[in-house]
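Peer 1: Sequence and predicted structure are below.
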Amino acid sequence: MPEQGVSDVYMSQEYLTPGARETVELIEQRISVEENTRILEIAFGKGTTAMKLAQKYACSVVGVDAHPFVAAVHRGVRKRVLNSISLIRGDGGALPLRDASFDAAICIGAPSIVGTERCLAAMFRAVAPGGQIAVSDFTWRLPVAPLEAAPPHINPPRPTLGQYAATIEAAGFALEFAEHLPQRVWDDYYAPVREASTRLRAANPDAPEDLIEAEFRAYDAGRDIWAYSVFFARRP
Ligand SMILES: C[S@@+](CC[C@H](N)C(=O)[O-])C[C@H]1O[C@@H](n2cnc3c(N)ncnc32)[C@H](O)[C@@H]1O
C-alpha cells in the first residue's frame, strides 16, 4: 500500500493505543487528580487524554510528544481548554522540564516507543517524591512467542507483565499495580484500522504488503500471547 495509507488508517482513531480509554479510567480511579494537580503526559498523541483530564478536573497538563504535528494538536486542544494545557514537541526520554515539578506522570502506549528505561528514568525525575506514574504498553503473556506472532517492526520480543514490572522497579519506583487489560482491547483497537486497511487494499490490490497488514498477520497468529498492560507506581 502507498505510504499515505499508513497514516490514513489511524485517521478516525481517538486514541492511538489499545485500551487507552480503559487506561484513562484506571488513572481516574488510582491517581487523585484535583484542581491544579500538575500532570505530565509523555507521548500525548492526539491530546485526547490531556484534554479530558484538564476539562474534567481543571488540573494542569504538560504534554511532550516528538511528532511534528504537535503544534497543530496544541492549537486544536487549546480551542477547547484554555491555559491549563501546554503541549510541547520534544523527546520523552530527555525532557526539557524542571525535575520534581509534577504530581503525576503518565505515558499511554508509548514507553517502549520512547525507550522503556529512558522514558521511566525521565518520569522518575519529573515527578516529585511521593508522586505517581501510570504507563501502559504492549506485553506478552509468555516470555517467548512463535516467530510468526512477532510483528516485523517490534524487536526485541515484548516483556511479560512481571518483566515489565521489574523494569519499573529498577527505575526506582515502588510498584502499586500491574495488570493485563481484557484481550478485547486489541480487537476493539484494530477493528476500525482493519476496516480502513481493507478499503485501501481493495483500492490498491497490487501494492506490496503494508506494515499494518503484517502487524495484523502477527496478531492473528499471536492472539493468545499478545497482551496490553497497565502499571501504576510511586516515586518513594
Ligand atoms: C502509540 S502512540 C500513543 C499516543 C497516545 N498516548 C495515545 O494513546 O493515543 C505513540 C506516540 O509516541 C510519540 N513518540 C514517539 N517517539 C517519541 C519520543 N521519543 N518522545 C515523545 N513522544 C514520542 C508519537 O509521536 C506518538 O504520538
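Peer 2: Ah, there it is.

Peer 1: Dump stretch 57-77 to PDB, keeping only the CA atoms.
Peer 2: Extracted C-alpha coordinates of stretch 57-77, given in PDB (Å, rounded to 0.1, in the frame of the first residue of the first chain):
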ATOM      1  CA  TYR A  57     -10.600  18.200  36.800                       C
ATOM      2  CA  ALA A  58      -9.200  21.600  35.900                       C
ATOM      3  CA  CYS A  59      -5.800  20.100  36.500                       C
ATOM      4  CA  SER A  60      -2.800  21.400  34.600                       C
ATOM      5  CA  VAL A  61      -1.200  19.100  32.000                       C
ATOM      6  CA  VAL A  62       2.100  19.500  30.300                       C
ATOM      7  CA  GLY A  63       2.500  17.100  27.300                       C
ATOM      8  CA  VAL A  64       5.600  16.200  25.400                       C
ATOM      9  CA  ASP A  65       5.500  14.400  22.100                       C
ATOM     10  CA  ALA A  66       8.100  14.000  19.400                       C
ATOM     11  CA  HIS A  67       5.700  14.200  16.400                       C
ATOM     12  CA  PRO A  68       6.000  17.200  14.000                       C
ATOM     13  CA  PHE A  69       2.200  17.800  14.200                       C
ATOM     14  CA  VAL A  70       2.400  18.800  17.900                       C
ATOM     15  CA  ALA A  71       1.700  22.500  17.100                       C
ATOM     16  CA  ALA A  72      -1.500  21.600  15.200                       C
ATOM     17  CA  VAL A  73      -2.700  19.300  18.000                       C
ATOM     18  CA  HIS A  74      -2.000  22.100  20.500                       C
ATOM     19  CA  ARG A  75      -4.000  24.600  18.600                       C
ATOM     20  CA  GLY A  76      -6.900  22.200  18.400                       C
ATOM     21  CA  VAL A  77      -6.800  21.400  22.100                       C
END
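
Peer 1: ok, Trp186 - how many residues close by?
Peer 2: A count of nearby residues for Trp186, using other Cβ atoms under 10 Å, gives 18. For the C-beta atoms, the positions are set from N, CA and C on the backbone; glycine is no exception.

Peer 1: Need the pLDDT of it.
Peer 2: Model confidence at Trp186, expressed as pLDDT, equals 94.

Peer 1: mind checking the SS state of the closest residue to Tyr57 other than its chain neighbours?
Peer 2: Taking Cβ to Cβ, 6 or more residues apart in numbering as the measure, Tyr57 lies nearest to Val33, with 4.6 Å between them; neighbours along the chain are not counted. With DSSP: H, G, I helix; E, B strand; the rest coil as the basis, Val33 sits in coil.

Peer 1: same deal with Val62?
Peer 2: Applying three-state DSSP: Val62 is strand.

Peer 1: That one touches Ser86, doesn't it?
Peer 2: Yes: between Val62 and Ser86 there is a contact under Cβ atoms under 8 Å: 4.9 Å.

Peer 1: More neighbours: which of these two?
Peer 2: Legend: neighbour count by other Cβ under 10 Å for Val62 and Ser86, higher for Val62 (22 against 14).

Peer 1: Bridged to that one, which residues?
Peer 2: In this structure, Val62 bridges to Leu40, Ser86 when assessed by DSSP bridges.

Peer 1: got a list of what it touches?
Peer 2: In this structure, Val62 makes contact with 38-41, 85-88, 97, 102, judged by Cβ atoms under 8 Å, 6 or more residues apart in numbering.
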